[in-house]
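Engineer: Provided below for reference: sequence and predicted model.
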Protein chains: 2
Amino acid sequence: MNDVAEKADVSPSTVSLYLRRPAEVSPAIGKRIAHAIDDLNYVPSFVAGGLAAASSRAVSIIVPSVRNAFFAETVSALQLELGKEGLHVLLGHTEYSEREEENLVRAALSWAPAAIVLTGLSHSAVTQKLLRASKVPVVEIWELGGQPLDIAVGFHHEQAGAAVASHLIARGRKKLLFFGARLQEDQRATQRSEGFLHCARNSAGISVDMIQHPAPASAEVGSMLLAQMLEQYPDTDAVACSNDLVALGALFECQRRGIKIPEQLALVGFGDMSFSATCNPPLTTVRPSGDLIGSEAARLILERIRRPEAAAPQIIDTRFMLLQRQSS
Amino acid sequence: MNDVAEKADVSPSTVSLYLRRPAEVSPAIGKRIAHAIDDLNYVPSFVAGGLAAASSRAVSIIVPSVRNAFFAETVSALQLELGKEGLHVLLGHTEYSEREEENLVRAALSWAPAAIVLTGLSHSAVTQKLLRASKVPVVEIWELGGQPLDIAVGFHHEQAGAAVASHLIARGRKKLLFFGARLQEDQRATQRSEGFLHCARNSAGISVDMIQHPAPASAEVGSMLLAQMLEQYPDTDAVACSNDLVALGALFECQRRGIKIPEQLALVGFGDMSFSATCNPPLTTVRPSGDLIGSEAARLILERIRRPEAAAPQIIDTRFMLLQRQSS
DNA sequence: GTGAAAGCGCTAACAC
DNA sequence: GTGTTAGCGCTTTCAC
């Protein structure tokens, strides 16, 4: 930066100002600096900048796993929006472990990030303490209903589960069953199952139960759960799945066994994945707007960075959408 | 760090040494330092560390999009392995744009990263110049066949395409067709199509062609391409898709139209996605080992960091696997 | 094995 | 609108 300053015949601090807020240096000098930067192939150091400013241009995003298409969507939207403003994404995966999340938060704080994004509202006591002590803006995504640390962007999963149950009941189904995958770890899927069960149990003349598999959501799990259903709950007339992949597997198993959907069995998923509108029959599902969660989180982070003095807790409900298709 | 040093009654440089190479301080002093760190809730600054060391604990990973399950897998594996060694992932998405990749590389260099991971072997001239000038280890993933900048980890996509063609021909198919999605941007999918076409054209008595759609791979694209096939190439007896999602959509469309797979039409995908073994019929596909690409890339990065003096270009072929299932 | 000293490349008051 | 000054919190020789 000193070399650039010298070449442009200004002081280093003017170069620094130009790089951070170009509007605040005069156009003529700005042009000279831009030239010098080009000539010298100058690459600014975010590391030095972060040290001097006591806050870096990194935003730490911590999700259970980017292999999960929902979080991949949100991470992608976040990086797109943050990137436009010169912020960079530091990515961490908890694999659904609070202990791992704690490690990742500790590491994140070592970067003096501009903000930290966490998934869900449940965190270890230490994580919460670290975060509160840090004064870094925190956004919790993909879950609403509890008390957020700071900002929360997401939706109510029990509501999504209840909406599915209501829909099936409204369609005249009586014997409902929920298919869960990895519920011991995936708290949000558990909330959906609870919303589903609770809504159905409060409806007259409806029987409802749940079966589950400990593995992550996949078509294979869906097939297995459908087989289990036929043994344990042979008179089931409607199935709600914690995930579209599970629903797809159930659908495949029905095809194999000649079970007609929706005539014999109604089927509902969650996620509106790439295949859900195109399968046979098209799958009724809940669209969770993972993109919107990402872009809203980014928007709030940028707002907070621009006007830190206006810091205030905030909760954004991104809603979900029940897409009724032929499977129910 | 000064506070920790004072509390532990040692010098700051001993604390620094303890943090970086704990084995090199005596156990007694190490214990004292550990205590002081705990008592003071000390969180080291990677930013200051990176500045002083002229290299940070960040590894920049630049992929087309983490929404693509293949790259999500690789990013996940990379972060897992790098995280174990205290390295952190800075994530960027090019959306298949070389210009965007260039911006991301420039930003990445501003972090003085321990390494940079890029997707594919094609990069703008400026990107290449920046990278070569930087002396940062570079790993190019998911593509082999060209001249890497430094380290490459991936496989030959033409070989994968050719393997699919050979397989179909060996099964007695004569009229082959390739379904492509987003080939104008996805160079690796294009390479697969080329390998497929080339292999088929070199075989006697085989006719082959390709149809494609500009949208990203999805089941919907697969359905549309199948419909197009029935109009343009009604006597096709084997279809290879650039992606399992496309194959799934084609399969759904065949179900709808009563086209029997594999009797009337053989179908092969690429990716071995979650549903591919479970659909009806199970889908013959190519498994690309995205996990292995990630873990191998991480291994080579760590090796390079440990012994920078032994720096040497390297090419790792992670191979692919043709999984023959009932769809062909 | 441990400590003293110098400085990594930038930002942020503040003065001009 | 531009320059001066004083660090930010660490790592890294090099002596001891």
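Structural biologist: Done, it's in. Keep in mind that this is a model prediction, so the values were computed, not measured. Residues are numbered from 1 along each chain as shown, chains lettered A, B, ... in the order given.
Engineer: A:A115 touches A:P137, doesn't it?
Structural biologist: Yes - proximity of A:A115 to A:P137 meets the contact threshold set by C-beta atoms under 8 Å, at 4.3 Å. Every residue, glycine included, has its C-beta placed from N, CA and C.
Engineer: overlap in contacts, those two.
Structural biologist: In terms of C-beta atoms under 8 Å, 6 or more residues apart in numbering or on different chains, A:A115 and A:P137 are both contacted by the residues A:301, A:304-305.
Engineer: closest to B:F71 out of those residues?
Structural biologist: The closest of the shared contacts of A:A115 and A:P137 to B:F71 turns out to be A:I301 (C-beta to C-beta; 24.0 Å).
Engineer: helices or strands up against the strand or helix carrying that closest one?
Structural biologist: Assigned by DSSP states H and E, A:I301 belongs to helix A:290-306. Counting contacts by 3 or more C-beta pairs under 8 Å, 6 or more residues apart in numbering or on different chains; DSSP states H and E, helix A:290-306 is packed against helix A:69-84, strand A:115-119, strand A:138-141, strand A:151-154, strand A:314-317.
Engineer: wait, which of those is closest to B:Q128?
Structural biologist: Nearest to B:Q128, of all the helices and strands packed on helix A:290-306, is helix A:69-84, at 21.8 Å by C-beta to C-beta.
Engineer: same for the closest one, what does it pack against?
Structural biologist: Looks like helix A:69-84 contacts strand A:58-63, strand A:88-93, helix A:290-306, helix B:69-84, strand B:88-93 (3+ C-beta pairs under 8 Å, 6+ apart).
Engineer: what's the average pLDDT for the last one?
Structural biologist: Average pLDDT, strand B:88-93: 97.
Engineer: nearest to DNA strand C among the shared contacts of A:A115 and A:P137?
Structural biologist: Minimum distance to DNA strand C across the shared contacts of A:A115 and A:P137 is 11.4 Å, recorded for A:I305 (C-beta to the nearest atom of the strand).
Engineer: coming back round to it: compare A:A115 and A:P137 (neighbour count), which wins?
Structural biologist: Each of A:A115 and A:P137 has its neighbours counted (other C-beta atoms under 10 Å in any protein chain shown); A:A115 has more, 25 against 22.
Engineer: mean confidence score for the helix holding A:I301?
Structural biologist: Rounded mean pLDDT across helix A:290-306 is 96.
Engineer: does it come close to DNA strand C?
Structural biologist: No - judged by C-beta under 7 Å from any atom of the strand, helix A:290-306 stays clear of DNA strand C, getting no closer than 11.4 Å.
Engineer: now tell me what touches that helix from outside.
Structural biologist: By C-beta under 8 Å, 6+ apart, the residues outside helix A:290-306 that reach it are A:59, A:69-71, A:73-78, A:80-82, A:85, A:87, A:114-115, A:117, A:137, A:139, A:141-142, A:151, A:153-154, A:310-311, A:314, A:316, A:318.
Engineer: which positions in that helix come out as buried?
Structural biologist: Of the residues in helix A:290-306, A:290-298, A:300-302, A:304-305 count as buried by neighbour count, 16 or more other C-beta atoms under 10 Å in any protein chain shown.
Engineer: where do the helices sit along the stretch 201-328 of chain A?
Structural biologist: Using DSSP state H, counting those that start in this stretch, the helices of the stretch 201-328 of chain A run over A:219-232, A:244-257, A:290-306.
Engineer: could you say which helix or strand holds A:V4?
Structural biologist: A:V4 belongs to helix A:2-8 when elements are defined using DSSP H and E.
Engineer: next structured bit after that helix?
Structural biologist: Proceeding N to C from helix A:2-8, the next assigned helix or strand is helix A:12-20, under DSSP H and E.
Engineer: which residues touch that following helix?
Structural biologist: Identification of contacts with helix A:12-20 by C-beta under 8 Å, 6+ apart yields A:1-2, A:4-5, A:8, A:24-25, A:29-30, A:33-34, A:44.
Engineer: cutoff 7 Å now
Structural biologist: A:1-2, A:4-5, A:8, A:24-25, A:29-30, A:33, A:44 (C-beta atoms under 7 Å, 6 or more residues apart in numbering or on different chains).
Engineer: the helix or strand just after that helix: how far from the chain's middle?
Structural biologist: Sequence order places helix A:27-40 as the next helix or strand after helix A:12-20, per DSSP H and E. Relative to its chain's centre, helix A:27-40 lies at 41 Å (C-alpha atoms, centre = their mean, to the nearest Å).
Engineer: repeat for stretch A:284-304
Structural biologist: Per C-alpha atoms, centre = their mean, the centroid offset for stretch A:284-304 relative to its chain is 8 Å.
Engineer: before we move on, back to that, got the helices and strands packed on helix A:69-84 as CSV, with distance to B:L177 columns?
Structural biologist: Below are the helices and strands packed on helix A:69-84 laid out as CSV (distance: least, C-beta to C-beta, whole Å):
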stretch, distance to B:L177
strand A:58-63, 39
strand A:88-93, 39
helix A:290-306, 33
helix B:69-84, 23
strand B:88-93, 32
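Engineer: to A:Q147, which of the ones you listed lies closest?
Structural biologist: So among the helices and strands packed on helix A:69-84, helix A:290-306 is nearest, using C-beta to C-beta, at 17.2 Å.
Engineer: between the closest one and strand A:58-63, how many degrees?
Structural biologist: With axes from the mean of the first three to the mean of the last three C-alpha atoms, to 10 degrees applied, the angle from helix A:290-306 to strand A:58-63 works out at 150 degrees.
Engineer: okay, helix A:290-306 in CSV with CA atoms only?
Structural biologist: Output of helix A:290-306 as CSV, limited to C-alpha atoms (Å, rounded to 0.1, in the frame of the first residue of the first chain):
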residue,chain,number,x,y,z
GLY,A,290,-34.0,-21.9,1.8
ASP,A,291,-32.9,-19.3,-0.7
LEU,A,292,-35.0,-16.6,1.0
ILE,A,293,-33.5,-17.6,4.4
GLY,A,294,-30.0,-17.0,3.0
SER,A,295,-30.8,-13.7,1.3
GLU,A,296,-32.7,-12.3,4.3
ALA,A,297,-29.9,-13.3,6.6
ALA,A,298,-27.4,-11.6,4.3
ARG,A,299,-29.6,-8.5,4.2
LEU,A,300,-29.8,-8.2,8.0
ILE,A,301,-26.1,-8.8,8.4
LEU,A,302,-25.3,-6.0,6.0
GLU,A,303,-27.7,-3.7,7.7
ARG,A,304,-26.2,-4.5,11.0
ILE,A,305,-22.7,-3.8,9.7
ARG,A,306,-23.7,-0.5,8.2
